[in-house]
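Trainee: test case, fold it:
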Amino acid sequence: MRERDAADLLLVENAVRKAGEIARHYFGGEFRRWSKSRGEPVTEADLAIDKYLHATLERERPDYGWLSEETGRDPANADASRIFIVDPIDGTTAFLKERPHFSISVAVAEQGRPVAGVVYNPILDELFAASEGGGARLNATPIRVSDCAAIEGCHVLGAKEMFSHPRWSEPPNSPWPEMQVESRSSIAYRMSLVASGRFDAAIVLAPKHDWDMAAGDVIVREARGGVTAMDGSALLFNGPTSIQRSMICAGPKLHALLIERLRHSALP
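Mentor: Presented below is the predicted three-dimensional model:
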């Protein structure tokens, strides 16, 4: 583990824990909420956390770039070699419904690859953290992906309607076997639950954004799991569009089986 990555991880951990206090202040209370142009919900809690994280992290790392769901890309340091990739509340729908399935997600990426990441569920006080070469932890306890080696019967996180879509019966697709399927509003939290071994896999086959996955990417990899697009390619972040077309994460044996199954599929 590089000293720089460890220092960045400590900085992000401390900032995210403080941001969690802001989330708990708003959770279950009265606050403004509205819809973005794409119809997605946003609240004043999202903006308050984003503002706090931006100010705190920029003060400590003024030469780093910034990419956030709520404030986009900061043109300052646009060409920086390192960038913070931030989702102040990943899973705003759960936050609005007072469900403890949202998270605060912050990654540090270098040349397109996350080198440190934190995903924090402030309601359950679960802080997942990892830096490249330093392993992954949940509240300071080392974590590791499950050793599941079969798709049938596996415990997977994903959209239930996606797995039951009738087009899986149309070649070159094939219907999914029986699995235990659950969902969580936060993609980052789903990935962290896989990293901790509580679920065997997480599958996303619809376009999402960098801030949904960047922190989870390094946490899963450091928990000895695989995390890629459905074609098996590594996820690259901070590109021109900030879009990720798909994501598969699981323990190495199950990940290989899922990639083999999905690599040539025509998506529903």
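Trainee: wasn't Ala256 part of a helix?
Mentor: Yes: with DSSP: H, G, I helix; E, B strand; the rest coil as the criterion, Ala256 is part of a helix.
Trainee: ok, it touching Gly226?
Mentor: Yes: with contact defined as Cβ atoms under 8 Å, Ala256 reaches Gly226; the gap is 7.3 Å. Any C-beta I mention is one placed from the backbone N, CA and C, and that applies to glycine too.
Trainee: more neighbours: those two, which one.
Mentor: Comparing Ala256 with Gly226 by other Cβ atoms under 10 Å, the one with more neighbours is Gly226, at 21 against 14.
Trainee: what are the phi and psi values at that one?
Mentor: phi -100, psi 140 (degrees, to the nearest 10).
Trainee: distance of it from Thr56?
Mentor: 33 Å (Cβ to Cβ, to the nearest Å).
Trainee: and the strands in the stretch 101-250 of the chain?
Mentor: 103-110, 113-121, 126-131, 136-138, 141-142, 155-157, 180-182, 201-204, 208-209, 226-228, 243-244, 247-250 (DSSP state E, counting those that start in this stretch).
Trainee: and the second one, which strands flank it?
Mentor: To tie it back to what came earlier, the one meant is strand 113-121. The sheet places strand 113-121 alongside strand 103-110 (antiparallel), strand 126-131 (antiparallel), with pairing taken from DSSP bridges.
Trainee: what's the neighbour count on Glu30?
Mentor: So Glu30, with other Cβ under 10 Å, has 6 neighbours.
Trainee: I'd assumed it was in a helix, is it?
Mentor: No: counting by three-state DSSP, Glu30 is not part of a helix but coil.
Trainee: got a list of what it touches?
Mentor: With contact set as Cβ atoms under 8 Å, 6 or more residues apart in numbering, Glu30 has no partners.
Trainee: now do the same for it: its pLDDT.
Mentor: Glu30 carries a pLDDT value of 92.
Trainee: with the one 5 residues further on instead?
Mentor: As predicted, Ser35 sits at a pLDDT of 91.
Trainee: check what pLDDT the closest residue to it other than its chain neighbours gets.
Mentor: Leaving aside its sequence neighbours, Ser35 sits nearest to Pro41 (Cβ to Cβ, 6 or more residues apart in numbering; 6.0 Å). Listed pLDDT for Pro41 reads 91.
Trainee: go on, the one 3 residues further on?
Mentor: Residue-level confidence at Glu44 comes out at 96, pLDDT.
Trainee: setting aside sequence neighbours, what's the nearest residue to it?
Mentor: In space, and not counting its chain neighbours, Glu44 is closest to Arg32: 4.5 Å by Cβ to Cβ, 6+ apart.
Trainee: what is the burial count for that neighbour?
Mentor: Neighbour number of Arg32 under other Cβ under 10 Å is 9.
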